[in-house]
Structures are given as C-alpha cells and as structure tokens.
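1. got a structure for you, letters missing:
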C-alpha cells in the first residue's frame, strides 16, 4: 500500500498492511477525510494534467460550457493546482482539446448532467467549476465541484443569467 502526496515536493510512504496506511492517513488528515483511489492521470508534455470545466447558465437559463482551463502540474509534481506551481491555459469552446478522443460534446454532456444533479441537491445555481481528471485510458473522473469558481474568464453569461432571473420576479 502506498501514499503519494504533496505539491512541489512529492512524498511517498509505503506500508505492508492497509490498516497501517489508514492509521498514517488518519494522523495526517483527521478522521473525517475522504480518501479516493489513485488515478493515473493523462499527461501533457510529460506532466500530469486535469481540467477545470466552466459550466454556466446563459441568459435563457440553460447550462452550457464556454471554456475549460487546462491545468498542468510542474515536472514531477502530483497535483496541478496553481498554489503548487501548476500552469493554466484557457481553451475556448471548439478549440482542440489536449486529450486524444475527448470531445466538447462529451465534456458538455458530463458537465450539464452534473450541474443538473447539483441543482437538484442544493437549489438554484448559475456558475460552476468542475475539476475533472482524464486518466491514461481516456476515462473522466470528477474530483470536485466549485459553486464559485475562481476562473472569471467568462463573466458575461452569469450576468445574463442574473437578468433572466430578475425578469421572472
């Protein structure tokens, strides 16, 4: 059993039994942590990468995907976030995606299904950032959904959605 973690510096710890790994992780993260399986992410230029899929409502109240942010980890790093030195590149809708076989239709379908499910659980939403990994086999993995994504590269649609809502009141 192996724990690999860290941003700029990767730490690897090996354990002979699952209970030893669990005890170590509980000490590091606390007893309320959620632990997921390891995912062999696809790479871009030899570095791990993932996507922040921006999913918003337009001025008619329909979900759509205007762009994605490709996040690339520093060489040898295990995470892609900017605070750990990751690089960010915005890919506008319709531009080539960096993963073989991945299409905008697939991203839009996944994102809209997730957005609808989030609204069913949490009420009305208008702007989401979905953190999605692509593994080496091309499978998509949802890591996290942010209801107020930091990416503000596409500000118009949320304002259009706000007008759509105000017109109905």
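-> Ah, there it is. These numbers were taken from a predicted model, which means no experiment stands behind them.

2. Just give me the longest helix of the chain.
-> Longest helix of the chain, by residue count under DSSP state H: helix 104-122.

3. and that helix, how far out from the chain's middle?
-> Its chain's C-alpha centre and that of helix 104-122 lie 13 Å apart, by CA atoms, centre = their mean, to the nearest Å.

4. And residue 103, how far from residue 117?
-> When distance is defined by CB to CB, to the nearest Å, residue 103 is 21 Å away from residue 117. C-beta coordinates here come from the backbone N, C-alpha and C atoms, glycine included.

5. The longest helix of the chain: which residues count as buried?
-> For helix 104-122, the neighbour count (16 or more other CB atoms under 10 Å) marks 107-108, 110-111, 114-115, 118 as buried.

6. Residue 55 should be in a strand, yeah?
-> Yes. Assessed with DSSP: H, G, I helix; E, B strand; the rest coil, residue 55 lies in a strand.

7. show me what contacts it?
-> 63-65, 111-112, 114-115, 127-130 (CB atoms under 8 Å, 6 or more residues apart in numbering).

8. Need those in a markdown table (columns: pLDDT).
-> Below are the contacts of residue 55 laid out as a markdown table (pLDDT from 0 to 100):
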| residue | pLDDT |
| --- | --- |
| 63 | 94 |
| 64 | 92 |
| 65 | 93 |
| 111 | 97 |
| 112 | 96 |
| 114 | 97 |
| 115 | 96 |
| 127 | 88 |
| 128 | 93 |
| 129 | 92 |
| 130 | 95 |
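
9. can I get the residues you listed in a markdown table with distance to residue 15?
-> Formatted as a markdown table, these follow (distance: CB to CB, whole Å):
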| residue | distance to residue 15 |
| --- | --- |
| 63 | 43 |
| 64 | 45 |
| 65 | 40 |
| 111 | 37 |
| 112 | 41 |
| 114 | 34 |
| 115 | 39 |
| 127 | 41 |
| 128 | 37 |
| 129 | 34 |
| 130 | 32 |
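
10. ok, of those residues, which one's closest to residue 147?
-> Nearest to residue 147 out of the contacts of residue 55 is residue 128 (CB to CB; 6.2 Å).

11. got any ranges where this structure has weak pLDDT?
-> 7-8, 150-169 (pLDDT under 70).

12. what residues are up against residue 44?
-> The neighbourhood of residue 44, defined by CB under 8 Å, 6+ apart, consists of 70, 72, 98.
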